[in-house]
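Peer 1: Sequence plus the predicted model coming up.
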Number of protein chains: 2
Amino acid sequence: MREAHEARILAAAEDIFAQFGYNGAAIEAIAERAGLSKQNMLYYFPSKEILYHRVLENILDLWLEKMTLLAQSGEDPASMLENYIRGKFEISRAHPNGSKVFANEIINGAPHLRDYLRKNLIPQLEADIALVRGWIDQGLMDPIEPEHLFFTIWAATQTYADFSAQIELALDKDSLDEADFRKAGDFLTHIVLKGTGLKG
Amino acid sequence: MREAHEARILAAAEDIFAQFGYNGAAIEAIAERAGLSKQNMLYYFPSKEILYHRVLENILDLWLEKMTLLAQSGEDPASMLENYIRGKFEISRAHPNGSKVFANEIINGAPHLRDYLRKNLIPQLEADIALVRGWIDQGLMDPIEPEHLFFTIWAATQTYADFSAQIELALDKDSLDEADFRKAGDFLTHIVLKGTGLKG
DNA sequence: GTCTATAAGGGGATAGAC
DNA sequence: GTCTATCCCCTTATAGAC
């Protein structure tokens, strides 16, 4: 019972925070979307701040769990990198609102998130960078700067969630479907693998 | 006099809107940064909404003026595309806060901007896409989907402005300098030109 | 053009009955 | 756990003197 309510509230909060940002989101709007009164929702999440933290946490746990290059199952660099890219697109497709909440937070300087990122994201990134450097040292890959490879992949995959309004406008569609994400994945995979010298 | 005040207010507004979003930005904070009282600022810009519109307008005019592939002076596709990429990086470097205001707006569904983009951005994009299609038809370039090329370039260049908090954390720097932007530009240029078959 | 004062509303949070 | 009622602060915007 409590669990079901919390889940509905968290889902509603993700939507509203994504659309209006932290300050623009009214907790009353979140409660309404979850089918509760504002006061009742405050029984489950005593403050807006606490609710927001929980939403951010959920997204980040999901991301960090799945999104390390090292966790990819491929045998060779090209397929590991492709798996990583496809995986990030899949998260963007499946959780666009979570991505938007995160994006809002980072754009505003990551006031709630700085420490969490330093402790959790950065170490993963360092390990992935070391892996790529190894590939370069072995002559498997062009001598690019691995940091910028990751920044570019993150940006290019998340843009289909975060900037969907602009992309929908450009593609003249009401919403992006799986085919759009597949094409985007095809494109990025193509230029990353070929562009880094890993393939063709 | 009026002009000088308006310019200071607009600059301050860009900073504050970038950091706090539309709703989170207090006009008093903007006024303070501009060195005026809130009431006095309201003499120049009668409402928050009007001020925000002016800030958005300024950014977009700058972007649209400079950022069409067709406007690049290069002779061949590779140098035109490189100029385009370098130009977008330069705007990100020079106007990070403008980029953030724009990003906030798009993430939140572009409520103030939808019509403007449809009228101004989309036609430019269509023309640029047609140009790239021409290169593909002439066999100068791999048969990629031009839309996604542009989405990727936009995302990868703007991320150094919008997500600077994350990137600074990853690079362990207080702020990004020209060298960082140059390296980012080198990387993106390399994988785009090589990845699309335009070079090397 | 700039100031003091204040109206008007929204929204987060609490109190307390049931 | 849910409801009614309410407090209180923050913020936008206006009124009016100088």
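Peer 2: All right, it came through fine.
Peer 1: Just confirm yes or no for stretch A:24-31 near DNA strand C.
Peer 2: Yes - counting by C-beta under 7 Å from any atom of the strand, DNA strand C has neighbours in stretch A:24-31: A:25, A:26, A:27, A:28. C-betas here are computed from N, CA, C, even on glycine.
Peer 1: By neighbours, which of these wins?
Peer 2: If you count neighbours using other C-beta atoms under 10 Å in any protein chain shown, the busiest of the residues of stretch A:24-31 next to DNA strand C is residue A:25, which has 23 neighbours.
Peer 1: Quick check: nearest residue in space to the most centrally placed residue in chain A, chain neighbours excluded?
Peer 2: By C-alpha atoms, centre = their mean, chain A has its centre lying nearest to residue A:99, at 4.5 Å. Of all residues not flanking residue A:99 in the chain, residue A:161 sits nearest, at 3.7 Å (C-beta to C-beta, 6 or more residues apart in numbering or on different chains).
Peer 1: do you know how far the one you found is from residue A:94?
Peer 2: 9 Å (C-beta to C-beta, to the nearest Å).
Peer 1: next structured bit after the strand or helix carrying residue A:39?
Peer 2: Taking DSSP states H and E as the criterion, residue A:39 maps to helix A:38-44. Downstream of helix A:38-44, the first helix or strand assigned by DSSP H and E is helix A:48-66.
Peer 1: Do any residues in that following helix lie close to DNA strand C?
Peer 2: Yes - between helix A:48-66 and DNA strand C, judged by C-beta under 7 Å from any atom of the strand, the touching residues are A:48, A:49.
Peer 1: List the buried residues for stretch A:90-109?
Peer 2: Using 16 or more other C-beta atoms under 10 Å in any protein chain shown as the test for burial, stretch A:90-109 gives A:91-93, A:95-109.
Peer 1: Could you do stretch A:139-156 as well?
Peer 2: For stretch A:139-156, the neighbour count (16+ other C-beta under 10 Å) marks A:141, A:144-156 as buried.
Peer 1: same thing with stretch A:51-59?
Peer 2: Within stretch A:51-59, the residues scored as buried using 16+ other C-beta under 10 Å are A:51, A:52, A:54, A:55, A:56, A:58, A:59.
Peer 1: Next one: that stretch, is it in contact with chain B?
Peer 2: No - Stretch A:51-59 lies out of reach of chain B by C-beta under 8 Å from any C-beta of the partner chain, never closer than 12.6 Å.
Peer 1: Show me what the top helix by length along chain A packs onto, helices and strands only.
Peer 2: Identified as the longest helix of chain A according to DSSP state H is helix A:2-24. Counting contacts by 3 or more C-beta pairs under 8 Å, 6 or more residues apart in numbering or on different chains; DSSP states H and E, helix A:2-24 is packed against helix A:27-34, helix A:38-44, helix A:48-66, helix A:96-107, helix B:2-24.
Peer 1: Could you dump the ones you listed into CSV with mean pLDDT added?
Peer 2: Shown next, in CSV, are those (pLDDT from 0 to 100):
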stretch, mean pLDDT
helix A:27-34, 98
helix A:38-44, 98
helix A:48-66, 95
helix A:96-107, 98
helix B:2-24, 98
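Peer 1: so who does the residue nearest to residue A:194 when sequence neighbours are not counted touch?
Peer 2: Nearest residue to residue A:194, sequence neighbours excluded (C-beta to C-beta, 6+ apart): residue B:195, at 4.6 Å. Residues in contact with residue B:195 (C-beta atoms under 8 Å, 6 or more residues apart in numbering or on different chains) are A:190, A:191, A:192, A:193, A:194, A:195, B:142.
Peer 1: wait, isn't the fifth one in contact with residue B:194?
Peer 2: Right, the one you point to is residue A:194. Yes - counting by C-beta atoms under 8 Å, residue A:194 touches residue B:194, with 6.5 Å between them.
Peer 1: ok, back up a step: would you tell me whether the longest helix of chain A gets close to DNA strand D?
Peer 2: Yes - applying C-beta under 7 Å from any atom of the strand, one finds helix A:2-24 touching DNA strand D at A:2, A:5.
Peer 1: For that helix, buried residues please.
Peer 2: For helix A:2-24, the neighbour count (16+ other C-beta under 10 Å) marks A:5-6, A:8-24 as buried.
Peer 1: sorry, back to before: now intersect the contacts of residue B:195 with the helices, please.
Peer 2: Among the contacts of residue B:195, the residues falling in helices (DSSP H) are A:190, A:191, A:192, A:193, A:194, A:195.
Peer 1: Show me which residues of chain A are close to DNA strand C?
Peer 2: Neighbours of DNA strand C within chain A, by C-beta under 7 Å from any atom of the strand: A:25, A:26, A:27, A:28, A:38, A:39, A:42, A:46, A:47, A:48, A:49.
Peer 1: In terms of distance to chain B, which of those ranks first?
Peer 2: When those are ranked by distance to chain B (C-beta to the nearest C-beta), residue A:25 comes first, at 8.4 Å.
Peer 1: Show the pLDDT at the closest one.
Peer 2: Predicted confidence (pLDDT) for residue A:25: 98.
Peer 1: I figured it hits residue A:12, correct?
Peer 2: No - taking contacts as C-beta under 8 Å, residue A:25 lies outside contact range of residue A:12: 10.1 Å.
Peer 1: what does chain A put close to DNA strand D?
Peer 2: A:1, A:2, A:5, A:36, A:37, A:39, A:40, A:43.
Peer 1: Just give the closest residue to residue A:51, not the sequence neighbours.
Peer 2: Using C-beta to C-beta, 6+ apart, the closest residue to residue A:51 is residue A:45 (4.0 Å).
Peer 1: ok, how many other residues are close to that neighbour?
Peer 2: Using other C-beta under 10 Å, residue A:45 has 22 other residues around it.
Peer 1: And the residue nearest to residue A:99, how far from residue A:91?
Peer 2: Using C-beta to C-beta, we find residue A:161 at a distance of 8 Å from residue A:91.
Peer 1: Kindly report the same for residue A:70.
Peer 2: From residue A:70 across to residue A:91, the span is 17 Å (C-beta to C-beta).
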